[in-house]
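Visitor: sequence plus predicted model, see below.
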Amino acid sequence: MSTTEATIHHAEHGHHEPGLIAKYVFSTDHKMIGLQFLLTTMFMLLVGGALALAVRWQLAFPWESMPLAGRLFAGQGGQISPEFYTMLFTMHATVMIFLVIIPILAGAFGNFLIPLMIGADDMAFPKLNMLSYWFMWPAILCFSLSFFAGGEFMNSAPAAGWTSYPILSAIMDAAPGSGHAQTFWLLGLTFVGVSSMMGSVNYLTTIINMRAPGMTLFRMPMTIWAMFITAILQAFALPVLTAAGFMLLFDRGLPGGLQTCFFIPADLVINNSSPTVGGGQPLLWQHLFWFYSHPAVYIMLLPAMGMVSDMLSAMSRKPLFGYKPMVYSMAAIAGLGFIVWGHHMFTSGMNPALGMTFMTSTVMIALPSAIKTFNWIGTMWGGKLQFNTVLLNSAGFVSMFVVGGLSGIFMAAVPVDIYIHDTYFIVAHFHYVLFGSTLFGVFGAIHFWFPKMFGRLMNDTVGKWHFALTFIGFNGTFFPMHLLGVAGMPRRYADPYLHPYLEHLLPMNQFITACAILMGFAQLLLIGNFLYSSKFGKKVGRNPWNANGIEWIAPSPPGHGNFDIPPVCYRGPYEYSSPLVEGRDYLMQNEYLGDVKHTAEKSSESTASHDT
Amino acid sequence: MFWAVVAVVLCLVAPSMNWWFPGNNAEAASTLGTRIDDLFYLILVIVTVTFVGTQIALGYVLWKGADNRDEKAHFTHGSHSLEVIWTIVPSGILLFIALYQMDVWAEYRVISKFPADAVAQPVADVTARQFEWRIRYPAPGRKFKSQADIRKWLRVPEAGDLHYPNELCVPTTRNVLFYLRSGDVQHAFFSPELRVKQDAVPGKVIPVWFNATKRGEYTLLCAELCGWGHYKMKARILAVPENEYRQYLLNLQKELADDGFDEDAPESDE
């Protein structure tokens, strides 16, 4: 860029066009950070998926050499050893939860959408925002290093499960992956936590302070409500996990031979090591861990719920059904989410009275979830549906969320959970919630907001194919897992067929693996479509969906500072098919209609209150 | 819609395909297990009705909405009475589910509700280790005098105790209680046919009881990740009538006391 151009540019925008590195690498622009998060997490999705397919290979063809990928560990004949198997599922969960689901929702979409949807020019703390992204990389580095911590690739990764229950994770000799690999894992976890915490502080400040004039709390889109509530959850739950992580690190040993015993009781002899000194309680870790990780489940779900609410309303050309109940039920999920963590520990030997209270609170959390489901269906009812990839994925979200929610009731009921706990039933359940719900929501959101990111549309036909293949593959993979669970197949078994009562399940596991492979390869369609369309997709204007949100009045892609003129908000984001305007079925949040009423219905939820 | 049908059909054919609960005819082999299964079926019915209902509703609105020829969609922000209905009805059902479960849970875990006969005379002390189950029976004929006596027995092994790995023998049709603990990392005692599961938490000694209704050989495995050999922590529970149970213990005593010396064996030259 020549000096003259730069000067003109400077005069026009009041700031310097950043250099290449400042623009694409160490960017403080929320949109670029959002895209960085999105691309990183999509890459990690492939990594996590590959780990999952390796797990599925072992379950379908136990102890057989793996094709292609087996060459990576040719030293053991391409076979998955039992140690390696425990590492595979540990790292699959770690990557998917901490490097895909949480950052793709809060990091990618939270960053990209929050300032745009509330009419702000950027986040409240742009530098903090940049740091939040760059703290992901030390985490990724730690998790990757953990594969090499034992010196030999593939035989030293952390193997205590993503829950890392002590004593297995607390004593270096307890398992092949409990050495330095586990230390790296804990460090990585801490870095991810720092990254999330920076994001959540930023989101809270931005949403509270930087909304456009007229954007009252009850005129915020559901996506923003979801991000707001998620940020609160993260801010309150994460310190507990971080503290627990450090306690576990200290238990594993400090420099100078010092060691604490928060989680280690006395007189355990592990792998012929000398008996532990003890005084600690392993259950403490479970309480602390789940105190974070249960709210984290909602951190992994609420933003998707918010985005699906917005997408369903836009694609049905109809106001969101029951806006305020939707907000309140989301808040209720978040509130109840803090007092249900014990349902992960029903068989742990904690006081049985806790089992009863946690059962009641857990069962009751199904209520706000049910309200949300009914409202989504109500939103589509009587709508003029636009059958595109966005709607399909959103409807897929609702449908799969129903399955995941209902299967949760079995496990919430403690007596039934006695049997189902740690079987494949639970694996089916949380994949229906985390994959079936969250990821379908994310797929929809990628297609929906892609035009805002790149000024181009993603290919709808490829999108529909991707949805159809993923949906079929997904259900083929995870629905039979309910049956495996009922048949009593425990999770985390490298070779369940060792036990005669599980032998007959091999064909079903092979079917599941075939479906999982189909689903895995279907994701290449998404990645390909994403990359191709970002360069060669059909160009569109600012508001390709005729949606109402403030983000759609910004240029596509928005420049630095987002909006041409600072927007003013006059109404809620869901005034689709409003009788106030003729000839079109949308009414944007910033449109001024003179001194007439700004919303149609008297009972309209969105303007009824002005509390901020 | 489509998936609802597939799922319901799958659930219906699953038992005949043997994709259902383990055990004979998918029946639980313990008293509490049967009641757990009943609760499972109760929830299954409620959940299936809800599942089919919501999926049909979803399919219907999708089908109607796709075919909507109106100029504009129906304009509404919601319905207060509908919200009230679909808040109150599910909360009633959910509370019912929660409260209905309490009894079985209390009997399974609350020590004061344990059957007194089982509490008075525990049958074994089970220690889980990487990757085996170590069973310790009190000496045959040893009667515990009090709970203090049991606590002492748990703390200090006695000379007459019988030790045996990976096989737990219990009498049928009687309440049996054993104590569960871990020698190293966390494990979980899981018997699919008996529907019993309890974590073995390091540092804790946890009482567990069940009542095996039928004679049989049941699976015992580990349900909590305990290391690379987690999957092969395989053992069995033998449930036999009372007299055979006594005989089993006597045989075990004889076997363990045997020093390998056989009087009748011909002397061998060095």
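Guide: Everything's here; your move. Since the model is a prediction, treat every value here as computed from it, not as a measurement. Numbering: from 1, shown residues only, chains lettered A, B, ... in the order given.
Visitor: can you pull the contacts of A:P166?
Guide: A:248, A:251, A:263-264, A:282, A:285, B:186 (C-beta atoms under 8 Å, 6 or more residues apart in numbering or on different chains). All C-beta atoms are positioned from the backbone trio N, CA, C, and that covers glycine.
Visitor: need those in a markdown table (columns: neighbour count and pLDDT).
Guide: Converted to a markdown table, the contacts of A:P166 look like this (neighbours: other C-beta atoms under 10 Å in any protein chain shown; pLDDT from 0 to 100):
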| residue | neighbour count | pLDDT |
| --- | --- | --- |
| A:L248 | 24 | 94 |
| A:D251 | 21 | 91 |
| A:F263 | 28 | 93 |
| A:I264 | 25 | 92 |
| A:P282 | 27 | 93 |
| A:W285 | 25 | 95 |
| B:Q186 | 26 | 94 |
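Visitor: mind putting the residues you listed in JSON lines, distance to A:S81 and secondary structure included?
Guide: Converted to JSON lines, the contacts of A:P166 look like this (distance: C-beta to C-beta, whole Å; DSSP: H, G, I helix; E, B strand; the rest coil):
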{"residue": "A:L248", "distance to A:S81": "26", "secondary structure": "helix"}
{"residue": "A:D251", "distance to A:S81": "27", "secondary structure": "helix"}
{"residue": "A:F263", "distance to A:S81": "28", "secondary structure": "coil"}
{"residue": "A:I264", "distance to A:S81": "28", "secondary structure": "coil"}
{"residue": "A:P282", "distance to A:S81": "27", "secondary structure": "helix"}
{"residue": "A:W285", "distance to A:S81": "27", "secondary structure": "helix"}
{"residue": "B:Q186", "distance to A:S81": "22", "secondary structure": "coil"}
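Visitor: which residue ranges make up each domain of the chain?
Guide: Defaulting to chain A. Split into domains by automatic domain parsing, chain A comes to A:18-265+A:276-300, A:319-540, A:543-612.
Visitor: please go with chain B instead
Guide: If you go by automatic domain parsing, chain B breaks into B:2-66+B:83-112, B:116-256.
Visitor: deepest-packed of those, please.
Guide: domain B:116-256 (a mean of 19; mean count of other C-beta atoms under 10 Å in any protein chain shown).
Visitor: what helix or strand is the closest residue to chain B within the stretch 1-150 of chain A on?
Guide: Nearest residue of the stretch 1-150 of chain A to chain B, counting by C-beta to the nearest C-beta: A:E83, 4.2 Å away. Using DSSP states H and E, A:E83 sits in helix A:82-94.
Visitor: by mean pLDDT, flag the weakest helix or strand of chain A.
Guide: Lowest by mean pLDDT, DSSP states H and E among the helices and strands of chain A is helix A:605-608, with a mean of 42.
Visitor: ok, back up a step: the residue of the stretch 1-150 of chain A closest to chain B: how many residues sit nearby?
Guide: Number of residues near A:E83 (other C-beta atoms under 10 Å in any protein chain shown) recorded here: 21.
Visitor: what's the closest non-adjacent residue to the closest residue to chain A within the stretch 151-270 of chain B?
Guide: Ranking the residues of the stretch 151-270 of chain B by distance to chain A (C-beta to the nearest C-beta) places B:G203 first, at 2.7 Å. Nearest residue to B:G203, sequence neighbours excluded (C-beta to C-beta, 6 or more residues apart in numbering or on different chains): A:P265, at 2.7 Å.
Visitor: now do the phi/psi pair for the one you found.
Guide: Per-residue torsions, A:P265: phi -80, psi 170 (degrees, to the nearest 10).
Visitor: and the contacts of A:P166 as TSV, adding distance to A:V47?
Guide: Formatted as TSV, the contacts of A:P166 follow (distance: C-beta to C-beta, whole Å):
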residue	distance to A:V47
A:L248	25
A:D251	29
A:F263	30
A:I264	33
A:P282	31
A:W285	27
B:Q186	29
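Visitor: which one of those residues is nearest B:N68?
Guide: Ranked by distance to B:N68 (C-beta to C-beta), these are led by A:W285 at 53.8 Å.
Visitor: quick one: the helices in the stretch 151-270 of chain B?
Guide: All helices of the stretch 151-270 of chain B, identified by DSSP state H, counting those that start in this stretch, fall at B:242-257.
Visitor: need the contact list for the residue lying closest to B:G183 once chain neighbours are set aside.
Guide: If the residues on either side of it in the chain are set aside, B:G183 comes closest to B:R129, at 4.3 Å by C-beta to C-beta, 6+ apart. Going by C-beta under 8 Å, 6+ apart, B:R129 touches B:182-184, B:187.
Visitor: now swap in A:L506 and tell me
Guide: A:60, A:497.
Visitor: same thing but 10 Å
Guide: Neighbouring residues of A:L506 by C-beta atoms under 10 Å, 6 or more residues apart in numbering or on different chains: A:59-62, A:496-497.
Visitor: look through the stretch 201-350 of chain A and state the residue closest to chain B.
Guide: For the stretch 201-350 of chain A, the residue closest to chain B is A:P265, as judged by C-beta to the nearest C-beta, at 2.7 Å.
Visitor: any buried residues in the helix or strand hosting A:Y532, and which?
Guide: Using DSSP H and E, A:Y532 sits within helix A:506-536. Within helix A:506-536, the residues scored as buried using 16 or more other C-beta atoms under 10 Å in any protein chain shown are A:508-509, A:512-513, A:515-520, A:522-523, A:525-526, A:529-530, A:533-534.
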